[in-house]
Each structure stands twice: as structure tokens, then as C-alpha cells.
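Q: the following block contains a protein sequence and its predicted model.
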Amino acid sequence: MSTAIDPTQFRAALARFASGITVLTMRDAAGTDLGMTATAFTSLSLDPPLVLVCIDAKATMAAPLTTGVAFAVHVLREDQEHLSRRFAATTGDRFAGLTLERSAAGTPLLPDVLMRMECEVVARHPGGDHHIIVARPEQVRLAAIGDPLLYFRGRYGRLAQTP
């Protein structure tokens with residue numbers, strides 16, 4: 001028999017896991033650009049190459065991210081907190097004034113990020129109040145230099161270099 005976990009304590013426990021910050025972007029069937037900040041991104045498999053992202057079921061990207069849909073994952077650099085905040089906002093045009101590139105599928109792509117991965121959704125699973133999106137990378141672009149923007153205990157941070 002399991003004991004219910006206090007939601008506040010659970011959230012605080014999860015905040016002790018440092019994570020990188022990503023921005024997910026896509027173009028929906030109507031041609032509208034969608035984007036959001038996400039910290040729940042990870043590799044899933046090397047053979048075949050697969051990644052997964054977990055997104056809130058209420059997010060605007062939740063419904064359009066179905067099997068076969070293209071989207072991009074952008075890992076932000078330590079100086080790109082402004083992009084994380086922009087794509088985490090719940091109001092306004094997240095793409096207004098940004099210089100974008102486009103994938104062959106029309107996905108909006110952010111330039112000058114630490115890593116950019118163009119993906120295709122291969123599976124989608126329910127996960128409580130989130131959706132687990134499994135995707136196959138189709139293209140990967142890596143920056144030659146840079147360090148990641150991190151998120152820890154509700155704050156942005158940077159890597160500390162050790163000798």
C-alpha cells in the first residue's frame with residue numbers, strides 16, 4: 001500500500017534535479033508557429049536514435065504533437081535565458097521579432113543555440129497530467145562552443161567549471 005506524497009514536497013524534490021533548458025517549436029496543420037520552453041527532454045535510445053519530451057497536457061503544443069508531426073528541440077546556451085522566458089510566457093506572440101530559419105517541413109528553427117534537433121513524432125503516451133512524446137531525430141546541428149543554460153530549484157544557472 002502506498003502513502004500519498006505531499007505535492008509541495010514532491011515538487012521541491014524534483015527541483016533538486018538540475019536540467020538543461022530547451023525550446024520546442026513546430027508548425028501546426030493550420031500553418032501557425034507554436035513554441036514552448038521545456039526541461040523534460042532526454043535521450044531514449046541510441047539504436048534506433050530516439051529522444052523523448054514530456055509536455056503538460058494543457059500546453060498549446062500538446063494536441064498538435066501527434067505521430068508523424070515534425071518539431072524541433074533547441075538546447076539553449078547560458079546567455080539565452082531571455083528565450084526561455086519568452087517561450088515560457090502564456091501570452092503574446094513568442095516568435096515576434098525573432099530571426100528564424102525554417103526546416104524543409106516548415107518548422108521554425110532558432111539560430112545560434114547550443115544544439116538543434118529536428119525530429120518526427122513516432123509515439124505518444126499519456127503520463128498523468130503530461131504527454132510523453134517519443135521522437136526520431138532527423139537532423140542535428142551542434143554549436144562549436146558554448147555552455148548550457150541550466151534550471152535548478154526554480155532558478156536559472158550556469159555550469160561551474162572545475163579544474
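A: Nice, thanks for sending it over.
Q: beta partners for the closest residue to L65 other than its chain neighbours?
A: Spatially, and ignoring its direct neighbours in sequence, L65 is nearest to I133 (5.3 Å; Cβ to Cβ, 6 or more residues apart in numbering). Using the backbone N, CA and C atoms, a C-beta is placed for each residue, glycine as well. With DSSP bridges as the criterion, I133 is bridged to V53, R124.
Q: distance of I133 relative to P64?
A: 11 Å (Cβ to Cβ, to the nearest Å).
Q: same question, R94
A: With Cβ to Cβ as the criterion, R94 and P64 are 15 Å apart.
Q: neighbour-wise, which of the two wins?
A: R94 (20 against 17; other Cβ atoms under 10 Å).
Q: that one and D112, how far apart?
A: For R94 relative to D112 (Cβ to Cβ), the value is 17 Å.
Q: below-threshold pLDDT in this protein: ranges please.
A: Within the chain, the segments meeting pLDDT under 70 span 1-2.
Q: ok, now with 80
A: 1-3, 161-163 (pLDDT under 80).
Q: now the helices for it?
A: 7-14, 81-88 (DSSP state H).
Q: which of those sits closest to T162?
A: T162 lies closest to helix 81-88 among the helices of the chain, at 22.7 Å (Cβ to Cβ).
Q: how far off centre is the closest one?
A: A distance of 11 Å separates the centroid of the chain from that of helix 81-88, by Cα atoms, centre = their mean, to the nearest Å.
Q: if you count neighbours, what's buried in that helix?
A: Across helix 81-88, burial judged by 16 or more other Cβ atoms under 10 Å covers 81, 83-84, 86-87.
Q: mind listing the strands for this protein?
A: Taking DSSP state E as the criterion, the chain carries its strands at 19-20, 22-27, 33-38, 41-46, 49-56, 70-75, 101-102, 108-109, 115-127, 130-142, 149-152, 155-158.
Q: quick one, what contacts G146?
A: 77-78, 114 (Cβ atoms under 8 Å, 6 or more residues apart in numbering).
Q: looking at those, which one is closest to Y151?
A: E78 (11.6 Å).
Q: got phi/psi on that closest one?
A: phi -60, psi -20 (degrees, to the nearest 10).
Q: fine by me, thanks again.
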